[in-house]
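Return atomic coordinates for the entry below.
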Amino acid sequence: MRVRDQRGVVFPSPVVMLSIIAVAMAGIAYVATRGGEPAEREVTTVAVAEKPAASAEPTKKPTLAPHKPKQIKHKKPAVQRGQVYVEVYNNSGITGLAGRVASRASGAGWQVVGSDNWYGSVPATTVYYPQRLEAAAKVLALDLGVHRVVPAVDPMRLDRLTLILTGELG
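Coordinates of the predicted model:
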């Protein structure tokens, strides 16, 4: 009688394979997205003395360039909150969120012209702005604690700021 040798290779189940792949991908994502703090450096200006021009008269003293008066830099006018239209949309499952945030924005002086639900996919709470209202968008974001400010996209109106909420504000 002959004994059969039943050796073979057992492959792991698909769940184990997917787990291994998920861990490997998480490791790759971690390495690819981690970054050190941006290296900031202080830049200081250094005045360089002018060299005297070579001339036929070696006894002449070098002259300094005439002093130019400093030009006055005009600051951009501060954002007039009451003159900027704002629409607030809820893109979360939290009932009444857009209305509460719209009241908060109105209390800060913004001219809120509407609030409703947003249908679509937004990655995080965001203030969308048309090009001419970029400064106002940054001020609105600061007023409400929003960390994401990006240019408006279609179908957003280009005469106002659009705030789309994906969760409670901090």
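
got a list of contacts for the strand or helix carrying Ala26?
Assigning secondary structure by DSSP states H and E places Ala26 in helix 14-33. Applying CB atoms under 8 Å, 6 or more residues apart in numbering, helix 14-33 has no contact partners. Placement of C-beta: from N, CA and C, glycine included.

What average pLDDT does it get?
On average, the pLDDT along helix 14-33 is 80.

Could you do stretch 121-130 as well?
93.

Show me what counts as buried in it.
Thr125, Thr126, Val127, Tyr128, Tyr129, Pro130 (16 or more other CB atoms under 10 Å).

Put the alpha carbons of that stretch into CSV.
As requested, the backbone C-alpha atoms of stretch 121-130 are provided in CSV (Å, rounded to 0.1, in the frame of the first residue of the first chain):
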residue,chain,number,x,y,z
SER,A,121,-19.6,66.6,-3.2
VAL,A,122,-17.4,69.1,-1.3
PRO,A,123,-14.3,67.7,0.5
ALA,A,124,-14.5,70.2,3.4
THR,A,125,-16.2,73.3,4.6
THR,A,126,-15.2,75.9,2.0
VAL,A,127,-15.7,79.6,1.1
TYR,A,128,-15.9,80.0,-2.7
TYR,A,129,-15.2,83.4,-4.2
PRO,A,130,-15.2,85.2,-7.6
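
Excluding its own residues, what touches that stretch? List them.
Stretch 121-130 is contacted from outside by 91, 136-137, 140-141, 144, 146-153, 156, 158-167, 169, using CB under 8 Å, 6+ apart.

Which helix or strand contains Leu140?
Counting by DSSP H and E, Leu140 is found in helix 134-144.

Just the residues contacting that helix, thanks.
Contact partners of helix 134-144, identified using CB under 8 Å, 6+ apart, comprise 76, 79, 81, 84, 86, 101, 104-105, 108, 110, 127-129, 146-149, 151, 161, 163, 169.

partners of the helix or strand hosting Val127, with directions?
For Val127, the host element (DSSP H and E) is strand 126-129. Sheet pairing of strand 126-129 (DSSP bridges) gives strand 148-151 (parallel), strand 161-165 (antiparallel).

Cool, thanks, talk later.
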